[in-house]
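In: build me a structure from this.
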Amino acid sequence: CLATLIIMLVGDTYTLINYVSFINYLCYGVTIIGLIVLRWKKPKIFRPIKVNLFIPVTYLAFWAFLLIFSLYSEPIVCGVGLIIILTGVPVFFLGVYWRNKPKCINRLIESMTCWGQKLCFVVYPQCGSAEEE
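Out: Below is the predicted model of the structure:
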């Protein structure tokens, strides 16, 4: 969000749409690759919807063409899009990977989560630990 706000202040909306569209297509392709890998490595797990592998493979071929064409035609926009994605890496390491955080950081993360849930109306807020209830 911070990177988006900075880009909105510095650039124009058209540029932001280009960054986000590249990021979206990149994430869609990675998701389809994950689907194919799971179908290959774990064929027996339950899937509520199962499609013929021809559909994701075809989609992946078009995805690769669009991604390569985007990288060729607008490498700077794609590079900035990749940088925007990589800004999430420190957040992942601080919030998820680092298991033995001090209690003050855990409280800060919990309060930010609760505040975000209330702000966006996405999940019923469960502030505080389950032990208190």
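In: who's in contact with the nearest residue to V57 once chain neighbours are set aside?
Out: Leaving aside its sequence neighbours, V57 sits nearest to I36 (CB to CB, 6 or more residues apart in numbering; 7.1 Å). Bear in mind the C-beta positions are built from the backbone N, C-alpha and C, glycine included. Counting by CB atoms under 8 Å, 6 or more residues apart in numbering, I36 makes contact with 53, 56-57, 60.
In: what residues of stretch 108-121 count as buried?
Out: Buried residues in stretch 108-121, counted by 16 or more other CB atoms under 10 Å: none are found.
In: report the rounded mean pLDDT for the longest helix along the chain.
Out: For the chain, the longest helix by residue count, based on DSSP state H, is helix 13-41. For helix 13-41, mean pLDDT is 85.
In: could you do stretch 109-125 as well?
Out: On average, stretch 109-125 scores 81.
In: same question, stretch 80-89
Out: Mean pLDDT, stretch 80-89: 85.
In: do you know how far the residue nearest to V57 is from N52?
Out: 12 Å (CB to CB, to the nearest Å).
In: quick one, helices of the chain?
Out: Going by DSSP H, the chain shows helices at 2-10, 13-41, 54-73, 75-86, 88-92, 103-120.
In: I84 reaches N24, doesn't it?
Out: No. In terms of CB atoms under 8 Å, I84 does not count as a neighbour of N24; the distance is 11.4 Å.
In: quick one: closest of the helices of the chain to P48.
Out: The closest of these to P48 is helix 13-41. By CB to CB, the value is 13.0 Å.
In: closest to S73 among the contacts of I36?
Out: L60 (20.1 Å).
In: that closest one - nearest residue in space that isn't next to it in sequence?
Out: Once flanking residues are discounted, L60 sits nearest to I32: 5.2 Å by CB to CB, 6+ apart.
In: coming back round to it: so for I84 and N24, which residue has more residues nearby?
Out: Per other CB atoms under 10 Å, whichever of I84 and N24 has more neighbours is I84, with 17 against 11.
In: would you mind measuring from the more buried one to L35?
Out: I84 is 24 Å from L35, by CB to CB.
In: all set, thanks.
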